[in-house]
Structure formats: structure tokens, C-alpha cells
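S.K.: Sequence first, then the predicted structure, then my questions.
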Amino acid sequence: MDSKKLEHFKQILSTQLRNLTETVNDDRAAAIDSIDGDAKDVVDKSQQDVNQELALQLGERASKMIADIDQALQRIDDGTYGICERCGKEISDRRLEAVPTARYDAACQEIIEQEEGMADEISTL
Ligand SMILES: [Zn+2]
């Protein structure tokens, strides 16, 4: 991939990372606010628990996304960005535009998702 394209994806990823970090900080602030504000009110306790649970889950998902973006930025530095980790083929620009953190090309992603889907089915039996 040429340096101009790499720079383009680096900018997309950096922007996403910045937005995510801001969102996580906002969520954390909101969660702390709800603890300070409603902690004395026993009636609101369950709603507060739900809010905290939601904030926690959001945080976990955001953490995973931040890790994905970090890894993609690392691959840009390493010069392996845009190359499928499974088969070594180039990932299409269209796919990278849609999913800048993609580690696999569309064909491999499909196979991996099918394998994961089967694993999920087995674990729920
Ligand atoms: Zn592949």
C-alpha cells in the first residue's frame, strides 16, 4: 500500500480513536455523576445499578474497539496494514474504507465468522 493511502487510513483511525476516548471519558463521568447524585435515594438504587451496568458494558465494548484501532495503527507503523493476517492477500480498499480496523479480507472474515458461529452453537447446546 502506498504511503498516501496509509496516511489516509492513519488519519481515519486516529480520529476514531480520539472520538472513542472522548466517549469513554463522558460515560465514565456520567456514571460517576449518577453515583454521587442518587446514592442516598434507596428507591432509585435499582435504576442506578442498571445505569452503572450499562456504562460498564459500553466501556468494555469501547475498550475492545480502542484496542482494535491501536493494533491497526501499529500495523501501519509495521508496514503490514491492509494485508490479511490469515492468507496474506491484500484487503480491498473498499473494505478498509468501511472497516479501517479489518485484519482479514472479506473471504477469510466470512470463514472465521462461520467458525465462530459454529463454536457459539456448540457452547450453547
Ligand atoms: Zn485472507
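M.R.: Everything's here; your move. Numbering: from 1, shown residues only.
S.K.: Going along the chain, name the helices of this structure.
M.R.: Per DSSP state H, the chain carries helices over the ranges 3-38, 45-78, 93-98, 106-124.
S.K.: roughly how far out does the longest one sit from the chain middle?
M.R.: It stands for helix 3-38. Its chain's C-alpha centre and that of helix 3-38 lie 11 Å apart, by CA atoms, centre = their mean, to the nearest Å.
S.K.: confidence score at the residue nearest to residue 73 when sequence neighbours are not counted?
M.R.: Leaving aside its sequence neighbours, residue 73 sits nearest to residue 13 (CB to CB, 6 or more residues apart in numbering; 5.4 Å). Glycine gets a C-beta too; all of them are placed from N, C-alpha and C. At residue 13, the model reports a pLDDT of 97.
S.K.: Residue 13 reaches residue 101, doesn't it?
M.R.: Yes: proximity of residue 13 to residue 101 meets the contact threshold set by CB atoms under 8 Å, at 7.2 Å.
S.K.: Can you check which residues contact both of these two?
M.R.: By CB atoms under 8 Å, 6 or more residues apart in numbering, residue 13 and residue 101 have these common neighbours: 69, 72.
S.K.: how many neighbours does residue 120 have?
M.R.: For residue 120, the count of nearby residues is 9 (other CB atoms under 10 Å).
S.K.: mind checking pLDDT for it?
M.R.: Looking at residue 120, its pLDDT is 71.
S.K.: I'd like to know how far it sits from residue 110.
M.R.: 16 Å (CB to CB, to the nearest Å).
S.K.: Residue 7 too?
M.R.: Distance from residue 7 to residue 110, by CB to CB: 29 Å.
S.K.: on that earlier part again, distance to the ion added to the helices of the chain, as JSON lines?
M.R.: Shown next, in JSON lines, are those (distance: least, CB to the ion, whole Å):
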{"stretch": "helix 3-38", "distance to the ion": "18"}
{"stretch": "helix 45-78", "distance to the ion": "14"}
{"stretch": "helix 93-98", "distance to the ion": "11"}
{"stretch": "helix 106-124", "distance to the ion": "3"}
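S.K.: And residue 87, how far from the ion?
M.R.: To the ion, residue 87 is 3 Å away according to CB to the ion, to the nearest Å.
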